[in-house]
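# here's my sequence, what's the structure:
(one chain, ligands or ions: 1)
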Amino acid sequence: MIRPSAAPTGAYPNNIPMAKEKDNLMDKIVALAKRRGFVFPGSEIYGGLANSYEYGPAGVELKKNIMDEWWRVFVRERSDMVGLDSSVILHPKVWEASGHVTGLVDAMAECKHCHTRTRADHLIEDYFEKKGEKVSVEGKTPEELDHIIHEKKIKCPVCGSFDWAPVRTFNLLFETSIGIVPESQSKAYLRGETAQGIFVSFKNIIDSTRVKLPFGVGQMGKSFRNEITKGNFVYRTLEFEQAEIEYFFNPDESDWRKLFDEWKASMWRFITNNVGVREESLRWREHGDDERSFYSKRTEDLEYKFPFGFKELWGIAYRTDYDLTAHAKHSGVDLSYTDASGKKFVPHVIEPALGLNRLFLIAMLDAYAEDGDRVYLKFKPRLAPYKAAVFPLLANKEDLVAKARGVFDMLKSEFNIAWDDRGNIGKRYYAQDEIGTPYCITVDFDTLEKGDVTVRDRDTAQQERVPIDTLKEFLHGKIYG
Ligand code: GAP
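Now for the predicted structure:
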């Protein structure tokens, strides 16, 4: 969660040494992601830009499908939720009021010899990890971190020197400036979380809609943080997508503990049922007093067992009325809610905050499967980048190609369909398996005579003949049934 003080976040260091096979899994996913167009290194032709990535043709579809599923489940299918799409650049005072200008900070250690900058908590936790000890320095002040580094004589992981500048905090908010001429420029920030846009629009939402408490506002979009990180692929990046909900309620009428547990159950259901993540790879972890943000009465993280350890995917916090009260104070605008009896009060909120890029990575890790030489990603069909691929058996037979084009055109209005006429059928299956396409449809000479096609299932590799007339319903039932 957002840091309340100089204390770094994350109970686990970023680079826990991995078991060999786990190491392999991460390496395999990174390689497959590039090979098959899921994720490319950021700005690669210019030598790359650390902690930034591009989502390729398959990746953008997978990420969009995950986002659409979240929106469907948490916004569209609930009568107590509405959506919002607020600005990336909000008034700079928003971030002062929210506490991010002073509070969204990490502690940094800088080697005076090679100028490597690293998060002080990661440096210390890695040191202990190498000794086989699992130590969390969550909640420690920069002075305390400095003390540990010096007491243990921890060396720079890059050049081996022991020559550290004093540990200091740095703010994670990305600064930018508004205005085209330097003299009239004013400082602004790229948003550090999507949540603040919801608080800022709270009054407009209650004035413009028929919502009544308890209700929630969901928002998805990019957030930006100037992270110092050692990588772990898309786990922690400079820009990332969040899907956040602020669920507003009257604390005199709704029991926050009950709402908190209901939201936890919804989050768990989404991850296991809708995304299909194995339950044994998930766990809840409650934040201790030294870790929890100042605005939160209770915070829990839903963590996933990444190859580099159990780490946060989705946080849930009881933020009380902290943010609305802070914005009312700083803006001078009344942000209270008036109930049916005429009583005015500032609602409280429960906030489930999800990182979509982390969920994207989890979807890939969890779907990865090998069967002998065959590699396939067994995504839930609803999330798969392509729902089916259409192949003409031979690319140089006009009538086969024309028939296959007809099948492709028929399906494409309803599903995202891939087309492939390169190489032999085995190679085409191989490529589609690696991007997780659940069904491959081959148009062959029998199709021309009988009007049916071969449909091959990704997970079982079994094939069956399906009449073209019923192909749409067949796929619909398999994917959305
Ligand atoms: N509004 C509360 C909030 O922003 P957070 O725990 O700082 O809380 C919510 O962020 C989620 O956003 C995290 O659980 C994580 O999944 C994701 N997230 C945070 N920082 C990230 C980063 N640098 N890269 C990728 N995802 C990130």
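# who does residue 392 bridge with?
When assigned by DSSP bridges, residue 392 has beta-bridge partners residue 443.
# touching, it and residue 441? I think so.
No: contact criterion Cβ atoms under 8 Å: residue 392 and residue 441 do not qualify, at 10.2 Å. (C-beta placed from N, C-alpha, C; glycine too.)
# now the least confident helix or strand in the chain by mean pLDDT: buried residues?
Lowest by mean pLDDT, DSSP states H and E among the helices and strands of the chain is helix 20-35, with a mean of 85. For helix 20-35, a neighbour-count test (16 or more other Cβ atoms under 10 Å) marks 22, 25, 26, 28, 29, 30, 32, 33, 34 as buried.
# overlap in contacts, residue 392 and residue 441.
With contacts defined as Cβ atoms under 8 Å, 6 or more residues apart in numbering, no residue is shared by residue 392 and residue 441.
# pull stretch 291-303 out as PDB, backbone CA atoms only.
Output of stretch 291-303 as PDB, limited to C-alpha atoms (Å, rounded to 0.1, in the frame of the first residue of the first chain):
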ATOM      1  CA  GLU A 291       3.700  -1.400   8.000                       C
ATOM      2  CA  ARG A 292       0.100  -0.200   7.700                       C
ATOM      3  CA  SER A 293      -0.500   3.300   6.200                       C
ATOM      4  CA  PHE A 294      -1.600   6.000   8.600                       C
ATOM      5  CA  TYR A 295      -5.000   6.300   7.000                       C
ATOM      6  CA  SER A 296      -5.800   2.600   7.300                       C
ATOM      7  CA  LYS A 297      -7.500   0.800  10.200                       C
ATOM      8  CA  ARG A 298      -6.800  -2.600   8.600                       C
ATOM      9  CA  THR A 299      -4.900  -3.600   5.500                       C
ATOM     10  CA  GLU A 300      -4.500  -7.100   4.000                       C
ATOM     11  CA  ASP A 301      -2.700  -8.100   0.900                       C
ATOM     12  CA  LEU A 302      -3.700 -11.000  -1.300                       C
ATOM     13  CA  GLU A 303      -0.300 -12.400  -2.200                       C
END
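# beta partners of the closest residue to the ligand within the chain?
Proximity of the chain to the ligand (Cβ to the nearest ligand atom) peaks at residue 355, 2.1 Å away. Beta-bridge pairing for residue 355 (DSSP bridges): residue 242.
# wait, residue 437 touches residue 384, no?
Yes: at 6.1 Å, residue 437 counts as touching residue 384 under the criterion of Cβ under 8 Å.
# grab the nearest non-local neighbour of the most centrally placed residue in the chain.
For the chain, the residue sitting closest to the mean C-alpha position, by Cα atoms, centre = their mean, is residue 356 at 1.8 Å. Closest residue to residue 356 in three dimensions, ignoring its sequence neighbours and counting by Cβ to Cβ, 6 or more residues apart in numbering: residue 241, at 4.0 Å.
# so what's the residue count around the one you found?
21 (other Cβ atoms under 10 Å).
# tell me the buried residues in the helix or strand that contains residue 268?
Element membership of residue 268 [criterion: DSSP states H and E] is helix 256-269. By 16+ other Cβ under 10 Å, the buried positions in helix 256-269 come out as 256, 259, 260, 263, 264, 266, 267, 268.
# spatially, which residue comes closest to the second one, not counting chain neighbours?
Closest residue to residue 259 in three dimensions, ignoring its sequence neighbours and counting by Cβ to Cβ, 6+ apart: residue 350, at 5.3 Å.
# residues touching that neighbour, list them.
247, 249, 256, 259, 260, 263, 316, 317, 318, 319.
# now residue 194
By Cβ under 8 Å, 6+ apart, the contact set of residue 194 is 86, 219, 220, 221, 223, 242, 243, 244.
# same thing but at 7 Å, please
Each residue near residue 194 by Cβ atoms under 7 Å, 6 or more residues apart in numbering is listed here: 219, 221, 223, 242, 244.
# could you confirm whether stretch 115-134 reaches the ligand?
No: with Cβ under 6 Å from any ligand atom as the criterion, the ligand is not reached by stretch 115-134; the gap is at least 11.8 Å.
# mind listing what's buried in that stretch?
With burial defined by 16+ other Cβ under 10 Å, the residues of stretch 115-134 counted as buried are 116, 118-129.
# got these as a markdown table, with distance to residue 344 columns?
Formatted as a markdown table, the buried residues of stretch 115-134 follow (distance: Cβ to Cβ, whole Å):
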| residue | distance to residue 344 |
| --- | --- |
| 116 | 54 |
| 118 | 49 |
| 119 | 44 |
| 120 | 45 |
| 121 | 43 |
| 122 | 46 |
| 123 | 50 |
| 124 | 48 |
| 125 | 47 |
| 126 | 51 |
| 127 | 53 |
| 128 | 52 |
| 129 | 52 |
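# which of those residues fall in helices?
Taking DSSP state H as the definition of helices, the buried residues of stretch 115-134 contribute 120, 121, 122, 123, 124, 125, 126, 127, 128, 129.
# doesn't residue 399 belong to a strand?
No: read with DSSP: H, G, I helix; E, B strand; the rest coil, residue 399 is helix and lies in no strand.
# pretty sure it sits against residue 448.
Yes: under the criterion of Cβ atoms under 7 Å, residue 399 makes contact with residue 448 at 6.1 Å.
# follow-up on the earlier one: any chance of the contacts of residue 350 in JSON lines, with distance to residue 430 too?
Output for the contacts of residue 350, formatted as JSON lines (distance: Cβ to Cβ, whole Å):
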{"residue": "247", "distance to residue 430": "45"}
{"residue": "249", "distance to residue 430": "52"}
{"residue": "256", "distance to residue 430": "52"}
{"residue": "259", "distance to residue 430": "48"}
{"residue": "260", "distance to residue 430": "46"}
{"residue": "263", "distance to residue 430": "42"}
{"residue": "316", "distance to residue 430": "41"}
{"residue": "317", "distance to residue 430": "45"}
{"residue": "318", "distance to residue 430": "49"}
{"residue": "319", "distance to residue 430": "48"}
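# out of the residues you listed, who's nearest residue 366?
Taking Cβ to Cβ as the measure, residue 366 sits nearest to residue 316 out of the contacts of residue 350, at 20.9 Å.
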